[in-house]
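>>> next come a sequence and a model predicted from it.
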Amino acid sequence: MFKDPLTAWHGPFPYDVLAPVGVTPATTHSEMQDVSFDLMVQRLMTPETQTAWNELRTLQKRLLVDAVLWDVDPEAEIATARQELDEALSDPGEPPEVAACLAPPGADALDWLVEELDGVELNAPEPALPDEADDALSGAPVPPGLLDELIRFDR
């Protein structure tokens, strides 16, 4: 279990203080009652360790301390994250929204247009060149305005 890094505790965190005598969140309640003897035997009973022990020896206070701990198995979490990452990188694809926008319309999307234009005869007009173009094709010099008439540029 990990302590929430944003936890603001009044004084040192109890599990950190009692770690030298083997106290962890997995320590049972009955074992916690005997921790004071271990602290005294190892000459670690100080006001700081006694305060930490007092915070963990009653169920109500211990539940409050345990509430800021995260039950995380880093090895399992890392393995799961790597597997998800490998799957995402193996076929990056496109988000569904992008794929829907880029997909060409289906054949049925244009059916109404086909029905509407059915039977309409399309006759394209013959391209008409200005009279000056005939002179240009014969080898005569190209008049200055001819290109402006043939090609329209956006201005």
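The structure has been received and is ready for your questions. Residues are numbered from 1 along each chain as shown.

>>> now the lengthiest helix in the chain, how far from the centre of its chain.
The longest helix of the chain (DSSP state H) is helix 74-90. Put simply, helix 74-90 sits 14 Å off its chain's centre (CA atoms, centre = their mean, to the nearest Å).

>>> now whatever helix or strand comes next after that helix: average pLDDT?
Counting by DSSP states H and E, the element after helix 74-90 in chain order, helix or strand, is helix 96-102. Averaging pLDDT along helix 96-102 gives 81.

>>> tell me the mean pLDDT over the helix or strand that contains residue 31?
Using DSSP H and E, residue 31 maps to helix 29-33. Regarding helix 29-33, the rounded mean pLDDT is 91.

>>> just checking, what packs against that helix?
helix 47-57, helix 59-66 (3 or more CB pairs under 8 Å, 6 or more residues apart in numbering; DSSP states H and E). Any C-beta I mention is one placed from the backbone N, CA and C, and that applies to glycine too.

>>> who wins for proximity to residue 113 among these?
Checking the helices and strands packed on helix 29-33 against residue 113 by CB to CB gives helix 59-66 as the closest, at 67.7 Å.

>>> what is the closest one packed up against?
Using 3+ CB pairs under 8 Å, 6+ apart: helix 59-66 touches helix 29-33, helix 47-57.
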